[in-house]
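K.L.:
Just need the structure, nothing else, for what follows:
(2 chains, ligands or ions: 2)
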Protein chains: 2
Amino acid sequence: MSGQVYGRVALIGLGLIASSMFWAMKRAGLAGEVTGYARSAETRGTARRIGLCDRVCDSAQEAVQGADLVVLCVPVGAMGPVMEDIAPVLKPGATVSDVGSVKRHVIDAVQPHIPEGVHFVPAHPLAGTEHSGPESGFAELFDNRWSLLVPVEGTDPEATARLRALWEGMGAHVDEMDADHHDLVLAVTSHTPHLIAYTMVGVADDLRRVTDSEVIKYSAAGFRDFTRIAASDPTMWRDVFLTNKDATLEILGRFTEELFALQRAIRTGDGEHLHDYFTRTRAIRRGIIEAGQDTDAPDFGRGQKK
Amino acid sequence: MSGQVYGRVALIGLGLIASSMFWAMKRAGLAGEVTGYARSAETRGTARRIGLCDRVCDSAQEAVQGADLVVLCVPVGAMGPVMEDIAPVLKPGATVSDVGSVKRHVIDAVQPHIPEGVHFVPAHPLAGTEHSGPESGFAELFDNRWSLLVPVEGTDPEATARLRALWEGMGAHVDEMDADHHDLVLAVTSHTPHLIAYTMVGVADDLRRVTDSEVIKYSAAGFRDFTRIAASDPTMWRDVFLTNKDATLEILGRFTEELFALQRAIRTGDGEHLHDYFTRTRAIRRGIIEAGQDTDAPDFGRGQKK
Ligand SMILES: NC(=O)c1ccc[n+]([C@@H]2O[C@H](COP(=O)([O-])OP(=O)(O)OC[C@H]3O[C@@H](n4cnc5c(N)ncnc54)[C@H](OP(=O)(O)O)[C@@H]3O)[C@@H](O)[C@H]2O)c1
Ligand SMILES: NC(=O)c1ccc[n+]([C@@H]2O[C@H](COP(=O)([O-])OP(=O)(O)OC[C@H]3O[C@@H](n4cnc5c(N)ncnc54)[C@H](OP(=O)(O)O)[C@@H]3O)[C@@H](O)[C@H]2O)c1
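P.N.:
Ligands and ions are numbered 1, 2, ... in the order given. Below is the predicted model of the structure:
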């Protein structure tokens, strides 16, 4: 799980994912030197203060100079412009990767700018929290979670293998997947659930008869969980929905279809339909727990000993 | 927080809520003797084996004999028939309460059977987990959570005050609320979110292109949380939706309206609308954490140190 994989790594964007990568690389000694760049002086200042990155640079171009691996850790919509900016100064033989939550769009936006002799291996770690920014990262974020590599046609297998070693060194399991399939799977397991959670919290916010303080005081199981999801970074999620439009709209269509069927069952008092539906969905939860991808502790084990 | 509040308490239904009440009452010495009854011999056997209740009875009538407080802890749809069964043997001056997640329906179903001289004080603890059954309870479940009392017209204030003392002794904060308002607030903070989570997990289950194992392996933040909610007891939730039909359908209507607006924003690429919406919803999360009703630990603090 340790030993140096890259001589120099550059992280562009210094938020939750980049900072977690930095601490995870340090933990296992996976990189000789890690440089970093973030758009705002404020974030760069914070990074310097907390020791995030061996060297924080004032431009992306400076950060990537001489880097063997460059990881784009910015919102999905910013990947293309950032890539265009750094392209001229990339070291020949370097690998460019990213951590964006959508893959087809990132590939379309980034690949045209990849210079001859530079490898491009898109990736997406399936790990995160509702927090963001340079101070939100921690070395354990990727432990036992999946990181998906989405190599494009013609990608050097050697470059892919090395990136895999890095992710494994940071504690993740690694799989490879096609970009379009990735975007559909994530529309189901992450993007649509986020949109729904945002919507439900928005509805609560709108309701004037149910005052704010009631929604907050009496936020029971269910809504409370939704508010956590709906506290995620607005820019990141705006970009996800704008760039994974087709898959999200498809899954949303399925969702409203099923929701209308349940709504009709409620209206007509069809208890059997409801009971059957609610029974079927339990099996998936069991599967997730058996696969080690969530805790079985009641209520996620939050709060007191339970 | 301690001292005996009732001489004898009878719990009808021995699932998550009843068993948590038993352990919480024991912890603070709130009851002289606690009797219990559950429908199936299996649950009664389990209760006897694990010491749940001082005495487990083979009929509800036997359990409530001589009880100063009887708490109905069965699914909402079963409250009426259970009440009808025990009515003839209730002790004069006793209080009947319940813990059902819906209040108007329980009042309509239970109140007609309340004998002269017996008090009825409906209640609803806003605490739970996705687990159920006699072995799922624990003394801390109600600590720092709200329990709502929904006294009906003409309820003896003395009976209400005593039940309040019991809930406070079990660690809860107590508020009083009107039944219809309760049902609307809970439709927002609990019932509709549960229906939505069930629906989303059902959609994932339906999708054949995204195989089960992928949904499970790659269940990221978002979907994972939904599967926990959708693992809740099917009977309990069927009854909730059948008996809180109007409020649930009203909130569902608002929900689909807002969802369609966001869907249109995705389709037309209106990033500003999305960003504004996602920003607004963060405030509610902050409120919940400041009110001490959830943990600020990233990802609920689940898994490793974070
Ligand atoms: N959060 C998750 O759960 C999660 C999980 C997996 C993948 N991802 C993906 O990981 C990427 C980063 O997410 P994150 O959660 O780490 O975000 P974050 O904490 O919000 O950090 C984003 C970083 O990107 C920088 N940035 C934003 N816009 C930029 C631009 N136009 N040009 C240059 N830099 C810019 C920000 O700089 P300033 O601080 O100066 O604004 C910040 O350092 C996103 O593509 C996201 O889809 C996120
Ligand atoms: N779970 C929550 O998060 C939560 C939170 C607040 C309030 N509530 C409310 O609390 C009540 C109980 O929920 P719970 O989670 O404790 O349920 P649970 O764990 O599923 O237990 C239900 C109990 O009721 C008994 N029962 C079921 N149908 C019955 C019938 N027709 N006649 C007699 N007994 C019957 C069951 O007996 P067997 O074991 O023999 O089947 C079992 O002992 C429900 O009204 C629910 O709405 C639940």
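
K.L.:
Now residue A:23. Nearest residue, chain neighbours left out?
P.N.:
Nearest residue to residue A:23, sequence neighbours excluded (C-beta to C-beta, 6 or more residues apart in numbering or on different chains): residue A:139, at 3.8 Å. C-beta here means a position set from N, CA and C on the backbone, and glycine is covered the same way.

K.L.:
On the three-state scheme, that neighbour is what?
P.N.:
coil (DSSP: H, G, I helix; E, B strand; the rest coil).

K.L.:
quick one, what contacts it?
P.N.:
A:20, A:23-24, A:26-27 (C-beta atoms under 8 Å, 6 or more residues apart in numbering or on different chains).

K.L.:
What residues does the stretch 201-306 of chain A have near ligand 1?
P.N.:
Residues of the stretch 201-306 of chain A lying close to ligand 1 by C-beta under 6 Å from any ligand atom are A:233, A:236.

K.L.:
Now do the domain split for chain A, please.
P.N.:
Under automatic domain parsing, the residue ranges defining each domain of chain A are A:6-177, A:181-269.

K.L.:
Using a markdown table, lay out these together with mean pLDDT.
P.N.:
A markdown table is the format used below for these (pLDDT from 0 to 100):
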| stretch | mean pLDDT |
| --- | --- |
| domain A:6-177 | 97 |
| domain A:181-269 | 91 |
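
K.L.:
and the residue most central in space within chain A, how far is that from residue A:225?
P.N.:
Most central in chain A under C-alpha atoms, centre = their mean is residue A:101, positioned 4.8 Å from the mean C-alpha point. Separation of residue A:101 from residue A:225 (C-beta to C-beta, to the nearest Å) stands at 20 Å.

K.L.:
Need phi/psi at residue A:95.
P.N.:
phi -110, psi 140 (degrees, to the nearest 10).

K.L.:
hmm, back to that, from what I see, the residue nearest to the centre of chain A and residue A:185 are in contact.
P.N.:
No - here residue A:101 does not reach residue A:185: they are 11.6 Å apart, not a contact under C-beta atoms under 8 Å.

K.L.:
What strand or helix carries residue A:97?
P.N.:
strand A:95-98 (DSSP states H and E).

K.L.:
chain center to the following helix or strand past that strand, what's the gap?
P.N.:
Proceeding N to C from strand A:95-98, the next assigned helix or strand is helix A:104-110, under DSSP H and E. For helix A:104-110, the distance from its own C-alpha centre to the chain's C-alpha centre is 16 Å (C-alpha atoms, centre = their mean, to the nearest Å).

K.L.:
For helix A:104-110, give me every contacting residue.
P.N.:
For helix A:104-110, using C-beta under 8 Å, 6+ apart, the contacting residues are A:72, A:76, A:79-80, A:83, A:96, A:98, A:100, A:120, A:122, A:150, A:152, A:179-180, A:182-183, A:243-244.

K.L.:
one more time with 7 Å
P.N.:
Applying C-beta atoms under 7 Å, 6 or more residues apart in numbering or on different chains, the set of residues contacting helix A:104-110 from outside is A:76, A:79-80, A:83, A:98, A:100, A:120, A:122, A:152, A:179-180, A:183, A:243-244.

K.L.:
of these, buried ones?
P.N.:
A:76, A:79-80, A:83, A:98, A:100, A:120, A:122, A:152, A:179, A:183, A:243-244 (16 or more other C-beta atoms under 10 Å in any protein chain shown).

K.L.:
Show the contacting residues for the closest residue to residue A:98 other than its chain neighbours.
P.N.:
Ranked by C-beta to C-beta, 6+ apart and with sequence neighbours excluded, the top spatial neighbour of residue A:98 is residue A:72, at 3.9 Å. Contact analysis of residue A:72 by C-beta under 7 Å, 6+ apart lists A:12-13, A:79, A:82-83, A:98.

K.L.:
Stretch A:201-218 and ligand 2, any residue contact?
P.N.:
No - Stretch A:201-218 lies apart from ligand 2 when judged by C-beta under 6 Å from any ligand atom; the minimum separation is 11.7 Å.

K.L.:
list the buried ones in that stretch?
P.N.:
So for stretch A:201-218, counting by 16+ other C-beta under 10 Å, buried means A:201-205, A:207, A:210, A:214-218.

K.L.:
Brilliant, that's me finished.
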